[in-house]
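Peer 1: Fold the following for me, if possible:
(one chain, ligands or ions: 1)
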Amino acid sequence: MSDVDIVPIKAEIAAHALISREKYDLMAAQAVAEPEAFWAKEAKRIDWIKAPTKIKNTSFHGDVSIKWFEDGTLNAAANCLDRHLAERGDQVAIIWEGDDPGMSTKVTYRELHEKVCRLANALTAQGVKKGDVVTVYLPMVVEAAVALLACARIGAVHSVVFGGFSPDSLANRIQDCNSVALITADEGRRGGRKVALKTNADEALKTCPSVKTVIVAQLTGGKVDMQHGRDVWYHEVTEAASPKHTPVEMNAEDPLFILYTSGSTGKPKGVLHTTGGYMVWASFTHQYVFDYHPGEIYWCTADVGWVTGHTYIVYGPLANGATTLMFEGVPNYPTTSRFWEVVDKHKVNIFYTAPTAIRSLMRDGEEPVKKTSRKSLRILGSVGEPINPEAWHWYDRVVGEHRCPIVDTWWQTETGGILISPLPGATALKPGSATLPLPGVRPVLVDGEGKELHGETEGNLCIADSWPGQMRTVYGDHARFVQTYFSTFKGLYFTGDGARRDADGYYWITGRVDDVINVSGHRMGTAEVESALVAHEAVAEAAVVGFPHDIKGQGIYAYVTLVADVEPTEALRKELITWVRKEIGPIAAPDVIQWAPGLPKTRSGKIMRRILRKIAANETDSLGDTSTLADPGVVTDLVSNRAG
Ligand code: 6R9
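Peer 2: Have a look, this model is predicted:
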């Protein structure tokens with residue numbers, strides 16, 4: 001990767017772009033020098049019921065307290081709906097494209113408003129109140145966006161659980177936040193197959209007494225069990241409800257949603273976002289990073305079960321009055337031209353996807369892309385993991401035909417929205433680099449001791465000061481919030497990522513420096529996979545690491561020590577993979593299982609993952625110092641019996 005590989009700003013884009021390099025420089029300087037004035041002005045992009053007078057009140061020290069716009073009041077759903085009705089009530093808000101290419105629908109702002117009001121009233125009728133948590137376990141259907149906005153409208157806190165998670169994972173995420181209601185569907189559709197959501201939900205709810213109401217959307221008509229007194233049909237309760245609803249006035253710092261994400265230790269954390277700062281950040285970043293102009297068709301291919309779906313399918317685009325496309329399917333069904341056929345069908349202007357999707361489509365060559373027009377495309381985006389330069393160039397040349405800038409957007413569930421990214425009219429691109437921080441974002445690189453590194457350097461990526469979209473706490477466990485993000489390097493938010501900064505001040509994210517694996521852009525904690533494995537009766541001990549994977553970015557490599565007298569067989573290997581799929585979900589299934597009679601441990605019993613990562617990556621000639629191991633012989637065995 002050489003720094004001379006620079007792709008200049010495209011003149012046609014710059015001519016109409018919202019932000020030029022000069023404007024970016026001015027904004028970035030002001031946001032740091034006078035954050036109060038800068039964010040007071042940007043806050044005006046949101047309709048407040050009571051405008052905030054206190055703008056920023058944040059500290060990364062001690063108990064860590066983050067408040068933005070704290071005396072303002074608003075409603076997030078009203079910002080996504082009501083305020084657009086006068087000007088664009090008949091404009092399409094959501095284009096829904098089904099898994100089956102024959103199925104699509106369009107929902108205008110007025111229709112979406114009505115759907116949300118009906119569900120808001122139905123939730124209220126079911127006894128759901130402001131401050132209650134509602135879990136959403138839905139596929140990529142319009143009802144998912146409606147569910148989020150209906151919760152926001154009544155002041156309930158939504159917690160979306162990705163439809164690919166197992167009953168156990170769903171149950172854990174319900175129990176942690178004691179949600180009172182669940183919104184789900186009979187079945188989901190993906191890649192021509194059906195996903196048994198209600199059956200999974202029933203299984204999960206056996207251990208979730210807090211859930212009093214289950215609202216079930218009928219999507220496939222598949223047979224499901226409805227439990228009397230608990231389960232109601234979505235279509236019945238919304239048809240019975242009034243289409244009018246007054247949004248509940250929320251404080252800027254009232255919770256908007258919880259989203260569970262994997263960390264390096266323990267169970268997934270409930271990342272908590274609040275209302276005012278998140279909405280400002282979602283709107284600000286969506287408008288500027290995608291250079292969104294009114295009337296454009298915008299498509300983010302993420303699932304609403306991840307943060308990207310929250311901020312860049314629902315809240316950001318709808319706050320900005322955009323037309324947002326929701327896609328139920330997968331990139332390779334029915335064929336690998338699907339993405340580009342959808343682009344042509346709906347004349348998509350802005351397309352935002354993940355490197356893993358690009359890499360998997362690259363395998364099928366250029367033909368499935370080239371047979372489509374794609375001439376509506378103007379801007380391409382990437383998110384979820386570092387994009388390797390080969391994939392970047394393919395995306396640029398084959399998909400964008402060198403016309404479309406690629407915004408490589410770096411951010412996290414915790415950050416609420418994009419923090420480091422090019423702006424189409426302002427930033428010359430370097431393939432593989434997320435380039436520069438957005439205005440108001442202050443990245444710093446520090447060494448292992450927390451000493452700030454200046455100039456061209458590489459280190460741990462931290463952020464020095466708060467931005468409005470930042471998470472506020474770990475739901476129900478503020479101590480864990482402080483411990484996870486603010487204790488490694490005092491006074492700084494630690495991202496868990498490593499990064500390099502080049503001579504132009506551009507950031508190159510190098511990947512996680514903690515025990516988190518990024519599989520196809522999805523975060524997986526090694527500890528979670530390990531605890532699923534050891535829960536199997538045949539497993540005594542397990543250690544899980546990531547390894548380089550051509551398509552997924554990283555794959556999951558598990559070292560498994562069996563209990564005495566259990567024979568390592570091919571059947572058992574398959575059984576363990578199936579077991580993890582069932583315990584957590586398909587995304588957690590190990591790609592490789594290596595039988596390990598012993599694991600490399602220090603004398604104090606700590607597993608030396610550094611060595612396990614090297615073996616998994618087949619870099620066995622650079623294992624480094626093994627002299628602190630309790631039994632160095634273990635390593636010799638693991639190297640000679642390397643799997644895969
Ligand atoms: C939005 C999202 C966050 C982790 C993050 C980093 C990786 C995301 C990236 C990227 C390099 C990018 N990541 N975007 N790495 N370049 N453009 O993905 O949130 O699921 O919480 O994952 O993903 O490692 O720390 P989340």
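
Peer 1: Can you name the next helix or strand after the helix ranked longest in the chain?
Peer 2: Longest helix in the chain by number of residues (criterion: DSSP state H): helix 109-125. Next helix or strand after helix 109-125 toward the C-terminus (DSSP states H and E): strand 133-137.

Peer 1: what is the mean pLDDT for that following strand?
Peer 2: Mean pLDDT, computed over strand 133-137, is 98.

Peer 1: which residues sit against it?
Peer 2: Residues external to strand 133-137 that are found in contact with it (C-beta atoms under 8 Å, 6 or more residues apart in numbering): 123, 128, 144, 147-148, 151, 156-161, 163, 165, 170, 173-174, 177-184, 197, 200-201, 211, 258. (C-beta placed from N, C-alpha, C; glycine too.)

Peer 1: So what's the gap between the next helix or strand after it and the chain middle?
Peer 2: Toward the C-terminus, strand 133-137 is succeeded by helix 142-154 as the next helix or strand (DSSP H and E). Counting by C-alpha atoms, centre = their mean, to the nearest Å, helix 142-154 is centred 18 Å from the centre of its parent chain.

Peer 1: got the angle for helix 142-154 vs strand 133-137?
Peer 2: Here the directions of helix 142-154 and strand 133-137 differ by 170 degrees (axes from the mean of the first three to the mean of the last three C-alpha atoms, to 10 degrees).

Peer 1: and Tyr493, what are its bridge partners?
Peer 2: Beta bridges link Tyr493 to Ile463, judged by DSSP bridges.

Peer 1: Burial check on it, number of neighbours?
Peer 2: With neighbours defined by other C-beta atoms under 10 Å, the count for Tyr493 comes to 25.

Peer 1: Surely it touches Phe60?
Peer 2: Yes. Contact criterion C-beta atoms under 8 Å: Tyr493 and Phe60 qualify, at 6.2 Å.

Peer 1: Please identify every residue contacting each of these two.
Peer 2: By C-beta under 8 Å, 6+ apart, Tyr493 and Phe60 have these common neighbours: Ser466, Phe486.

Peer 1: residue ranges with poor pLDDT in the stretch 501-644 of the chain?
Peer 2: 644 (pLDDT under 70).

Peer 1: Get me the contact residues on it for the ligand.
Peer 2: Contact residues, the stretch 501-644 of the chain versus the ligand (C-beta under 6 Å from any ligand atom): Ile509, Gly511, Arg512, Asn518, Gly521, Arg523.

Peer 1: isn't Glu203 right next to Ser169, touching?
Peer 2: No. Contact criterion C-beta under 8 Å: Glu203 and Ser169 do not qualify, at 11.1 Å.

Peer 1: Quick one: distance of the longest helix of the chain to the chain centre.
Peer 2: From the chain centre to the centre of helix 109-125 is a distance of 26 Å (C-alpha atoms, centre = their mean).

Peer 1: Tell me what angle that helix forms with strand 133-137.
Peer 2: Interaxial angle, helix 109-125 versus strand 133-137 (the same axes, to 10 degrees): 120 degrees.

Peer 1: Which residues are in contact with the closest residue to the ligand within the stretch 351-500 of the chain?
Peer 2: Closest residue of the stretch 351-500 of the chain to the ligand, C-beta to the nearest ligand atom: Thr413 (3.4 Å). Neighbouring residues of Thr413 by C-beta under 8 Å, 6+ apart: Leu259, Thr261, Val271, Trp306, Val307, Met471, Arg523.

Peer 1: isn't there a helix covering the last one?
Peer 2: No. Counting by DSSP: H, G, I helix; E, B strand; the rest coil, Arg523 is not found in a helix; it is strand.

Peer 1: Got phi/psi on Lys41?
Peer 2: Phi and psi for Lys41, reported as degrees, to the nearest 10, are phi -70, psi -50.

Peer 1: Check it and give its pLDDT.
Peer 2: 98.

Peer 1: Show me which residues of the chain sit near the ligand.
Peer 2: Checking the chain against the ligand by C-beta under 6 Å from any ligand atom, the hits are 261, 306-308, 382-386, 408-413, 434, 495-497, 509, 511-512, 518, 521, 523.

Peer 1: and these, which of them are in strands?
Peer 2: Cross-referencing those against strands under DSSP state E gives 261, 382-383, 408-409, 495-497, 509, 511-512, 518, 523.

Peer 1: Report the buried members of those residues.
Peer 2: Among those, the ones that count as buried by 16 or more other C-beta atoms under 10 Å are 261, 382-383, 408-409, 495-497, 509, 511-512, 518, 523.

Peer 1: what about stretch 587-604, distance to the chain center?
Peer 2: For stretch 587-604, the separation from the chain centroid amounts to 28 Å (computed by C-alpha atoms, centre = their mean).

Peer 1: Excluding residues flanking it in the chain, which one is nearest Lys50?
Peer 2: Counting by C-beta to C-beta, 6 or more residues apart in numbering, Thr73 is the residue found nearest to Lys50 once chain neighbours are left out, at 4.4 Å.

Peer 1: how far away is that neighbour from Trp48?
Peer 2: Per C-beta to C-beta, to the nearest Å, Thr73 is found 7 Å from Trp48.

Peer 1: residues touching Thr457, list them.
Peer 2: Counting by C-beta under 8 Å, 6+ apart, Thr457 has contacts Leu445, Arg500, Arg501.

Peer 1: that's a strand at the second one, yeah?
Peer 2: The reference is to Arg500. Yes. Assessed by three-state DSSP, Arg500 belongs to a strand.

Peer 1: Let me see the ranges of the strands in the stretch 151-300 of the chain.
Peer 2: With DSSP state E, counting those that start in this stretch as the criterion, the stretch 151-300 of the chain has strands at 157-160, 181-185, 188-190, 193-195, 213-217, 231-233, 250-251, 255-261, 269-274, 297-300.

Peer 1: For these, give me TSV that also has mean pLDDT.
Peer 2: What follows is the strands of the stretch 151-300 of the chain, written out as TSV (pLDDT from 0 to 100):
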stretch	mean pLDDT
strand 157-160	98
strand 181-185	98
strand 188-190	96
strand 193-195	95
strand 213-217	98
strand 231-233	98
strand 250-251	98
strand 255-261	98
strand 269-274	98
strand 297-300	98
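
Peer 1: In CSV: those, plus distance to Glu12.
Peer 2: Converted to CSV, the strands of the stretch 151-300 of the chain look like this (distance: least, C-beta to C-beta, whole Å):
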stretch, distance to Glu12
strand 157-160, 38
strand 181-185, 43
strand 188-190, 37
strand 193-195, 42
strand 213-217, 43
strand 231-233, 50
strand 250-251, 42
strand 255-261, 37
strand 269-274, 36
strand 297-300, 18
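
Peer 1: hmm, back to that, who touches both of Thr73 and Trp48?
Peer 2: Common neighbours of Thr73 and Trp48, counting by C-beta under 8 Å, 6+ apart, are absent.

Peer 1: And for Gly585, the neighbour number?
Peer 2: Every residue meeting other C-beta under 10 Å relative to Gly585 is counted, giving 23.

Peer 1: Check the one 5 residues further on too.
Peer 2: Taking other C-beta under 10 Å as the criterion, the count of residues near Pro590 is 23.

Peer 1: residues in contact with it?
Peer 2: Pro590 makes contact with Val529, Leu533, Val544, Ile556, Tyr557, Ala558, Leu576, Ile577, Val580, according to C-beta under 8 Å, 6+ apart.

Peer 1: Filter these down to the ones in strands?
Peer 2: Residues of the contacts of Pro590 located in strands (DSSP E): Val544, Ile556, Tyr557, Ala558.

Peer 1: From those residues, pick the one nearest the ligand.
Peer 2: Distances from the ligand to these, taken as C-beta to the nearest ligand atom, are shortest for Ile556 (15.5 Å).

Peer 1: where's the closest residue to that closest one other than its chain neighbours, which helix or strand?
Peer 2: Leaving aside its sequence neighbours, Ile556 sits nearest to Pro590 (C-beta to C-beta, 6+ apart; 4.6 Å). Using DSSP H and E, Pro590 maps to neither a helix nor a strand.

Peer 1: thinking again about what came up before, Glu203 and Ser169: who's more crowded?
Peer 2: Between Glu203 and Ser169, Ser169 has the larger neighbour count (other C-beta under 10 Å), namely 23 against 15.

Peer 1: which ones are touching that one?
Peer 2: Shown in contact with Ser169 (C-beta under 8 Å, 6+ apart): Val161, Glu583, Ile584, Gly585.
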